[in-house]
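1. Structure of the sequence below:
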Amino acid sequence: MKKSKFIVLAAPSGSGKTTLVNKLLTEVKLNLEFSISATSRKPRKDEINGKNYFFLSKDDFLKKIENNEFLEWEEVYKDTFYGTLISELEVSTSKNIIFDIDVIGGLNIKKKFPNQTLSIFIKPPSISELKSRLKKRKSETDSSIKIRIEKAKHEMMSAKEFDCIVENDMLEKSYTEVFRLVNNFINE
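-> Numbering: from 1, shown residues only. Okay, here's the model as predicted:
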């Protein structure tokens, strides 16, 4: 049986990685399955537990850490945790798994599975554009936007540690490049 390949798309919040992941998931020939991350944050409007994320209480998240149930996890923002449950890798043996994940989590998966993983950093065109995108979400407070922008500045310094960097300035152009990279990796 062919071993699944892992595709990691990581980026600062608001860079467009989720949009790119969702488009990739429609490509039947890539044979992708979405790895649902766990988080201790509250769902945004239209997010569904078990589809977009596994929404856990902070206490439940911490219990899963204690029980070594995560492949990787991080306190991305104060008291807000994100992680990949080991059980998500056990879901599929015949499909390639795609991760929509934070930067540190993406690097951790690449370190654990270096030959099996393609890591792609989705770079926003600029910090000001990133701020504009976060405001358009209408799900962030001014305070949370400021925190996300500060974190983004640090995350952008890690871009060079990824296999590839794709600037998401124009969605279709960015998607074409991401699709090419993923298709080549899966079929190599």
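2. In this structure Phe162 contacts Lys123, no?
-> No: if you go by Cβ atoms under 8 Å, Phe162 and Lys123 don't touch, sitting 9.6 Å apart. Quick note: C-beta positions are derived from backbone N, CA and C, even for glycine.
3. how about low-confidence regions in this protein?
-> Within the chain, the segments meeting pLDDT under 70 span 1-2, 91-93.
4. Can you show me the helices along it?
-> With DSSP state H, the ranges of helices along the chain come out as 17-25, 58-66, 86-89, 103-112, 127-137, 142-156, 171-187.
5. CSV for those helices, including distance to Phe6 and mean neighbour count?
-> Output for those, formatted as CSV (distance: least, Cβ to Cβ, whole Å; neighbours: other Cβ atoms under 10 Å):
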stretch, distance to Phe6, mean neighbour count
helix 17-25, 13, 18
helix 58-66, 21, 14
helix 86-89, 9, 16
helix 103-112, 6, 20
helix 127-137, 26, 15
helix 142-156, 20, 15
helix 171-187, 10, 15
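6. Now render these as JSON lines, adding distance to Leu118.
-> Conversion of those to JSON lines gives the following (distance: least, Cβ to Cβ, whole Å):
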{"stretch": "helix 17-25", "distance to Leu118": "12"}
{"stretch": "helix 58-66", "distance to Leu118": "27"}
{"stretch": "helix 86-89", "distance to Leu118": "16"}
{"stretch": "helix 103-112", "distance to Leu118": "9"}
{"stretch": "helix 127-137", "distance to Leu118": "24"}
{"stretch": "helix 142-156", "distance to Leu118": "19"}
{"stretch": "helix 171-187", "distance to Leu118": "4"}
